[in-house]
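>>> model the structure of this input:
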Amino acid sequence: MMARSDFKIIVVGAGPAGLLLALLLSKQGISVTVLDGADGLDPRPRATHYGPPAVRELRRAGVMDDVLAAGFQPGKICWRKLDGTYLTGLDNNVLGENHPDRVACLPLDQLGPIIAAHLAKQTTAEVKWGHRVTGLGGQDDQKAWVDVLMTGGDGQTTAKRLEADYIVGCDGANSQIRRSLHGDLNFPGKTWDEQLVATNVYYDGFGDYEDANFIIDKEHWHMASRISTDGMWRVTYGEPAGLSHDELRARQPAKFEAMLPGHPKPADYKLANFSPYRVHQRLAPKMRVGRFLLAADAAHLCNPFGGLGLTGGIVDVGGLSDCLYGIYSGQVSNPDAILEVYDQVRRQKYAEMVDPISSENFVRLSSDPDTVLSGGEDKFLTLCLKAEKDEEFAREMALGINELLYDFTQHFDLKKGRE
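Below you'll find the predicted structure:
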């Protein structure tokens, strides 16, 4: 079977997941159009850490050198009491500086431009800003199509219908593609009662804190992680439900004074970003309906503690790119079958790994710091204690998240090889 010259993919959403999918596909010669209703890249910093399987996909896309040039490789992740007492941790340094899958850190607002710059060099890819998908036009046994509202430079809007062999929703938590496929309210799972507040802050008082620190406390639980090479830290903490944005903003100085080492006053730090949000654990009923597909946040959500949402979404994109490449290149004789495998595998990985592990990470923070290590009460932290005494076991734990990966090429009918 030969690759089809007229094969085309539409990706809805020009966030890092959508751009990465477009880059992986276009590097294989596949025609890709990315649609986004905004007028440019999302400037919000959002998530920051890429686990080993995400690093593998970013490396495969050819962007990892640029990611490391702009970001860095975090060292140790640890758990502490509110007074700073060290409990246990995992050290990424056991993998060595040059390990290809080592965790990397770079805020998403910096990853987007890197991927976009690489994508701009691909002759088979285009990004169309000001193209908001308003609904699914439909599909048949050859094509799928979406309804798009285009906004011109003069502010005038024009409706249009665009078609492709497959259409992928990478359009985030409020995905229009997911809502059109499954209904506005059909996103099974839960919303946590607690609100989270994510802040970026410059503060010199973290002292002997590691690169990533999870503080276990019944009231002032939080995470403090270094996220840049110029001294910026991400501090994310919990607040009770029901508070308004203004109320949360007013409480921030007191929270910092109670939580952070040195009990700083506002004059002691520079607050660069303040973003309250609700936290969800949700999974779409299906990640594939005919020629429409979902990936990353459009398909599933989880709390941010552990980076599993970002990493899981990037792994979705890598696996889906393999499936679509197999179809395009003629190595897959039954496209429906391999796309059903994609749907089943990625939802299973979420249900069996991403959801339970991220939920445990979240609940752990508000547990009792004085008993969390007593008698093996927390199995994960108990394993961390073992890893601190066993370097080989520490390496296994550092790479354990690679279980999120899945080789979809094993379902190809014949192998032609990939770059």
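>>> ok, which stretches of the stretch 101-250 of the chain are strands?
104-105, 125-129, 131-139, 144-151, 157-164, 166-169, 189-202, 212-216, 222-226, 232-239 (DSSP state E, counting those that start in this stretch).
>>> out of those strands, deepest packed?
Here the criterion is mean neighbour count by mean count of other Cβ atoms under 10 Å, and of the strands of the stretch 101-250 of the chain the winner is strand 166-169, at a mean of 29. In short, each C-beta sits where N, CA and C put it, glycine included.
>>> tabulate the strands of the stretch 101-250 of the chain (JSON lines), appending mean pLDDT and distance to residue 322.
Below are the strands of the stretch 101-250 of the chain laid out as JSON lines (pLDDT from 0 to 100; distance: least, Cβ to Cβ, whole Å):
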{"stretch": "strand 104-105", "mean pLDDT": "96", "distance to residue 322": "22"}
{"stretch": "strand 125-129", "mean pLDDT": "97", "distance to residue 322": "18"}
{"stretch": "strand 131-139", "mean pLDDT": "94", "distance to residue 322": "22"}
{"stretch": "strand 144-151", "mean pLDDT": "95", "distance to residue 322": "20"}
{"stretch": "strand 157-164", "mean pLDDT": "95", "distance to residue 322": "18"}
{"stretch": "strand 166-169", "mean pLDDT": "98", "distance to residue 322": "13"}
{"stretch": "strand 189-202", "mean pLDDT": "96", "distance to residue 322": "27"}
{"stretch": "strand 212-216", "mean pLDDT": "98", "distance to residue 322": "31"}
{"stretch": "strand 222-226", "mean pLDDT": "97", "distance to residue 322": "31"}
{"stretch": "strand 232-239", "mean pLDDT": "97", "distance to residue 322": "32"}
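>>> with distance to residue 95 added, can I get those strands in a markdown table?
Shown next, in a markdown table, are the strands of the stretch 101-250 of the chain (distance: least, Cβ to Cβ, whole Å):
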| stretch | distance to residue 95 |
| --- | --- |
| strand 104-105 | 12 |
| strand 125-129 | 33 |
| strand 131-139 | 41 |
| strand 144-151 | 42 |
| strand 157-164 | 40 |
| strand 166-169 | 32 |
| strand 189-202 | 27 |
| strand 212-216 | 15 |
| strand 222-226 | 18 |
| strand 232-239 | 22 |
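>>> where in the stretch 1-150 of the chain is pLDDT low?
1-3 (pLDDT under 70).
>>> still on that earlier bit, and the strands of the stretch 101-250 of the chain: which comes nearest residue 333?
Residue 333 lies closest, by Cβ to Cβ, to one member of the strands of the stretch 101-250 of the chain: strand 166-169, at 16.4 Å.
>>> just say helix, strand or coil for the residue nearest in space to the middle of the chain.
With distances taken as Cα atoms, centre = their mean, the chain has residue 310 as the residue nearest its mean C-alpha position (1.3 Å). Following DSSP: H, G, I helix; E, B strand; the rest coil, residue 310 is assigned to helix.
>>> so it makes contact with residue 49?
Yes. Residue 310 is within contact range of residue 49, at 7.0 Å (criterion: Cβ atoms under 8 Å).
>>> all strands for the stretch 251-400 of the chain, in order.
Assigned by DSSP E, counting those that start in this stretch, the strands in the stretch 251-400 of the chain fall at 270-283, 288-289, 292-294, 300-301.
>>> and the longest one, which residues are buried?
Read that as strand 270-283. Going by neighbour count (16 or more other Cβ atoms under 10 Å), the buried part of strand 270-283 is 271, 276, 279-283.
>>> in the sheet, which strands lie alongside that strand, parallel or antiparallel?
As defined by DSSP bridges, the strand partners of strand 270-283 come to strand 189-202 (antiparallel), strand 300-301 (antiparallel).
>>> identify all contacting residues around it.
Contact with strand 270-283 is made by 44-45, 173, 187-192, 194-203, 232, 239, 245, 248-249, 252, 299-304, 347, 350-351, 355, 358-359, 362, as judged by Cβ atoms under 8 Å, 6 or more residues apart in numbering.
>>> again, only using 7 Å
For strand 270-283, contacts defined as Cβ atoms under 7 Å, 6 or more residues apart in numbering pick out 45, 187-192, 194-202, 232, 245, 248-249, 252, 300-303, 347, 350-351, 355, 359.
>>> ditto for stretch 182-197
Outside stretch 182-197, the residues touching it (Cβ under 7 Å, 6+ apart) are 236-239, 241, 243, 248, 276-285, 303.
>>> could you rerun that using 8 Å?
Looking at what lies outside stretch 182-197 - Cβ under 8 Å, 6+ apart - the contacts are 178, 236-241, 243, 248, 252, 255, 274-286, 301, 303-304, 355, 362.
>>> for residue 98, helix, strand, or coil?
coil.
>>> can you pull the phi/psi pair for the residue lying closest to residue 119 once chain neighbours are set aside?
Excluding the flanking residues, the one nearest residue 119 by Cβ to Cβ, 6 or more residues apart in numbering is residue 23, at 4.8 Å. In terms of degrees, to the nearest 10, the main-chain angles of residue 23 are phi -70, psi -50.
>>> hmm, residue 127 and residue 23 touching each other?
No. With contact defined as Cβ under 8 Å, residue 23 and residue 127 do not form a contacting pair (10.7 Å).
>>> which residues are in contact with each of these two?
In contact with both residue 23 and residue 127: residue 119, using Cβ under 8 Å, 6+ apart.
>>> related to what we said a few turns ago, export the strands paired with strand 270-283 to a markdown table and tack on distance to residue 9?
Output for the strands paired with strand 270-283, formatted as a markdown table (distance: least, Cβ to Cβ, whole Å):
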| stretch | distance to residue 9 |
| --- | --- |
| strand 189-202 | 28 |
| strand 300-301 | 21 |
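>>> of all the buried residues of strand 270-283, which two lie farthest apart?
Greatest spatial distance in these: 271 and 283, 34.2 Å, computed using Cβ to Cβ.
>>> and residue 53, which of the three is it?
Per three-state DSSP, residue 53 ends up helix.
>>> I'd say it and residue 311 touch.
Yes. Counting by Cβ under 8 Å, residue 53 does reach residue 311; the two are 6.1 Å apart.
>>> quickly list what's touching both of these two.
Common contacts of residue 53 and residue 311 (Cβ under 8 Å, 6+ apart): 401, 404.
>>> which ones are touching the nearest residue to residue 211 once chain neighbours are set aside?
In this structure, residue 211 finds its nearest non-sequential neighbour in residue 74, 3.9 Å apart by Cβ to Cβ, 6+ apart. Applying Cβ under 8 Å, 6+ apart to residue 74 gives the contacts 49, 92, 103-105, 211-212, 225-226.
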